[in-house]
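Asks: build me a model:
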Amino acid sequence: MLTRLTLRQMRNALKSGEVTAGELIEAHLSQIERENPRINAFIEVYEEESRARVQRPLCGLLAGIPVTVKDSFDIAGKVTWCGSVLRRNERAVRDSTVVERLRGAGAVILGKTSTPEFLYYYETDNRIVGRTNHPWDVSRTPGGSSGGEAAAIASFMSAGGVGSDGGGSIREPAHFCGICGLKPTPGRVPAGGHWPEIAHPTGFMGVAGPMARTVEDVRILFEVLAGYDARDPFSAPVPFREWPSEGVRVAVMDQLPVQAGCAEALGEAVRLLGSMRHECAQFPFELIDGAHDLWRVLFVDYITQMLHEMIGDRQDDCAWTGVELMKYTREKVDVNRLGEVLARRDRMRARLLQWMGSVTVIVAPAFGTTAFPHRRPGMELMDAIMPVSPWNLLGMPSLVVPVCVGDDGMPAGVQLIGAPYTEELLLDLGVRLERARGAQWQTRRSSHMNTTSTTSTMA
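Replies: Just a heads-up that it's a prediction; the model follows:
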């Protein structure tokens, strides 16, 4: 099936003339028609626009490739709901920077994918389009807040796309759905035209980043998306470059309590990295001790205050099922507390980066759990978030790579974490880890997909 090709394979098939862009788009639109009713990943599908786009000559690195974007990135003339009925009438007047760059590279945007309300939870469910389901098992969640994006890509309705991440929102859904996702250094992929606006004082934790079924495909998307943009206050003019990963040292972060599938994935990744002749040693966790609590002050306590101010007396219009992080607030954050937390963050970051240099990669669990049944995380949520939150706080790039399928039948991945602006190093190591993992993953993945698809449709 055309939809089962990787993004790179699609690109090669288009270039060689084995397939036309029109055939590729129709295959994906048919896949959406088949799969989306049970998964519910999309808020809008742009069928006629997609067909019209491939009638014109397309050029660029993604010419003719079908992609999707999370419903937090503006597309001119289209809605940006972010899962909230308070934004039902919002329509963008300009494309976000990532949409401009995707279109500039010749990509065909098939539609926008669903999110929790205000992007503020680790499950994708909202009052406008309802709950998004896991492609392998519809009784489970694909995660959030980029859960619709991960589900669309994992179920072959899209070749790849763009999500955003302020506390694991690219990485948790990628890990849950068995795909790859990159949380870049802040500003490396511009977030201009993202809602909520990614800006000071806490916006350094939030980023835009690519998602796809393979690391190689994530790398292609990153090459298209990366680059300076004046609309993003954190953007820096860092050029895309080649960065071989041979010889990097690997620090293993195994000190956090995680569920069995996540621990299994970490152990297998360490074994594979060792077989690739990388020196592996335990990460000195004291370097980031307290990072999760600092993130929690900024991302949970402070942002909850901002949401309450924005919502005001319109609380009855909010479903709250999508903003359950608000119930985890512990304190009111005034300007003095904000300054104290930011100063502690900066000192912690300096110590860590001095220890890491540019040739250390941290390998860590991708989240505390694998994909869980809707509304039932299976462990305390704040504990489950602990593997991902430090890297938002500290502004460090992190790549999720799927490694295995756990005993619960759900995929499990790991994070590869590097110093700021080392995305190319992580991507190179991720490609090599993918190759070392081998094709067995794809066989097991397809088997689970086929079984759950049939079962879920019958149900």
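
Asks: for this protein, longest helix please?
Replies: helix 335-356 (DSSP state H).

Asks: other SSEs contacting the following helix or strand past that one?
Replies: With elements assigned by DSSP states H and E, the helix or strand that comes after helix 335-356 is strand 360-365. Other elements packing on strand 360-365 under the criterion 3 or more Cβ pairs under 8 Å, 6 or more residues apart in numbering; DSSP states H and E are strand 249-252, helix 260-275, strand 411-417, helix 423-437. Using the backbone N, CA and C atoms, a C-beta is placed for each residue, glycine as well.

Asks: need the ones you listed in a markdown table (columns: mean neighbour count, distance to H308 and mean pLDDT).
Replies: Formatted as a markdown table, the helices and strands packed on strand 360-365 follow (neighbours: other Cβ atoms under 10 Å; distance: least, Cβ to Cβ, whole Å; pLDDT from 0 to 100):
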| stretch | mean neighbour count | distance to H308 | mean pLDDT |
| --- | --- | --- | --- |
| strand 249-252 | 18 | 39 | 98 |
| helix 260-275 | 19 | 33 | 97 |
| strand 411-417 | 29 | 32 | 98 |
| helix 423-437 | 21 | 35 | 98 |
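
Asks: those: which one's closest to V207?
Replies: helix 423-437 (10.8 Å; Cβ to Cβ).

Asks: just the C-alphas of that closest one, formatted as CSV.
Replies: Presented in CSV, the C-alpha positions along helix 423-437 are these (Å, rounded to 0.1, in the frame of the first residue of the first chain):
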residue,chain,number,x,y,z
GLU,A,423,19.5,18.0,16.9
GLU,A,424,21.5,16.6,14.0
LEU,A,425,23.7,14.6,16.3
LEU,A,426,20.6,13.1,17.9
LEU,A,427,19.0,12.4,14.6
ASP,A,428,22.1,10.6,13.3
LEU,A,429,22.3,8.5,16.4
GLY,A,430,18.5,7.8,16.2
VAL,A,431,18.9,6.5,12.6
ARG,A,432,21.7,4.2,13.7
LEU,A,433,19.7,3.0,16.7
GLU,A,434,16.7,2.3,14.4
ARG,A,435,19.0,0.3,12.1
ALA,A,436,20.4,-1.7,15.0
ARG,A,437,16.9,-2.4,16.3
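
Asks: tell me which residues in the longest helix of the chain are buried?
Replies: Residues L338, V341, L342, R344, R345, M348, R349, L352, L353, M356 are the ones in helix 335-356 that count as buried (16 or more other Cβ atoms under 10 Å).

Asks: would you format these as TSV with distance to E264 and pLDDT included?
Replies: Shown next, in TSV, are those (distance: Cβ to Cβ, whole Å; pLDDT from 0 to 100):
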residue	distance to E264	pLDDT
L338	39	97
V341	35	98
L342	37	98
R344	34	98
R345	32	98
M348	30	98
R349	31	98
L352	27	98
L353	30	98
M356	26	97
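
Asks: of those, closest to L381?
Replies: For the buried residues of helix 335-356, the nearest to L381 is V341 (20.8 Å; Cβ to Cβ).

Asks: residues in contact with the closest one?
Replies: With contact set as Cβ atoms under 8 Å, 6 or more residues apart in numbering, V341 has these partners: L294, V297, L298, V333.

Asks: mind listing what the nearest residue to the third one once chain neighbours are set aside touches?
Replies: The shortest distance from L298 to any residue that is not its chain neighbour, by Cβ to Cβ, 6 or more residues apart in numbering, is 4.7 Å, and that residue is T202. When contacts are counted by Cβ under 8 Å, 6+ apart, T202 touches L298, F299, Y302, I303.

Asks: okay, the residues you listed in JSON lines with secondary structure and neighbour count next?
Replies: Shown next, in JSON lines, are the contacts of T202 (DSSP: H, G, I helix; E, B strand; the rest coil; neighbours: other Cβ atoms under 10 Å):
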{"residue": "L298", "secondary structure": "helix", "neighbour count": "23"}
{"residue": "F299", "secondary structure": "helix", "neighbour count": "23"}
{"residue": "Y302", "secondary structure": "helix", "neighbour count": "21"}
{"residue": "I303", "secondary structure": "helix", "neighbour count": "24"}
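
Asks: any idea which of these is least confident?
Replies: Within those, I303 has the lowest pLDDT, namely 93.

Asks: which one is that one nearest to, not counting chain neighbours?
Replies: Going by Cβ to Cβ, 6+ apart, I303 has T202 as its nearest residue, at 6.7 Å.

Asks: let me see the ranges of the strands in the protein.
Replies: For the chain, applying DSSP state E gives strands covering 42-45, 66-70, 108-113, 125-126, 130-131, 160-165, 180-183, 207-212, 249-252, 280-282, 360-365, 398-405, 411-417.

Asks: partner strands of the second one and their direction?
Replies: Strand 66-70 has these partner strands in its sheet, going by DSSP bridges: strand 108-113 (parallel), strand 160-165 (parallel).

Asks: which residues sit against that strand?
Replies: The contact list for strand 66-70, computed with Cβ under 8 Å, 6+ apart, reads 24-25, 28, 42, 50, 75, 96, 98-99, 102, 107-113, 115, 145-146, 148-149, 152-153, 157-164, 221.

Asks: helices of the stretch 1-150 of the chain, residue ranges please.
Replies: Here the stretch 1-150 of the chain has its helices, by DSSP state H, counting those that start in this stretch, at 7-16, 21-39, 47-53, 97-104, 147-154.

Asks: give me the distance between the closest residue to L110 other than its chain neighbours and H278.
Replies: Computed as Cβ to Cβ, 6+ apart, the closest residue to L110 that is not its neighbour in sequence is P66, at 5.1 Å. Distance from P66 to H278, counting by Cβ to Cβ, to the nearest Å: 36 Å.

Asks: so for those two, which residue has more residues nearby?
Replies: In this view P66 and H278 are compared by other Cβ atoms under 10 Å, and P66 has more residues nearby, 31 against 20.

Asks: so what sits opposite the more buried one in the bridge?
Replies: V108.

Asks: offset the numbering so it begins at 119, please.
Replies: Noted, 119 is the first residue going forward, which turns the last one into P184.

Asks: how close does it get to L132?
Replies: Taking Cβ to Cβ, one finds P184 at 11 Å from L132.

Asks: now do the shared contacts for the two.
Replies: Common neighbours of P184 and L132 (Cβ under 8 Å, 6+ apart) are L142.

Asks: neighbours around A268, how many?
Replies: 38.

Asks: which residues touch it?
Replies: So A268 contacts P260, G261, G281, P291, A292, F294, C295, I297, G299, M329 (Cβ under 8 Å, 6+ apart).

Asks: how many residues are close by G408?
Replies: Neighbours of G408 using other Cβ under 10 Å come to 13.
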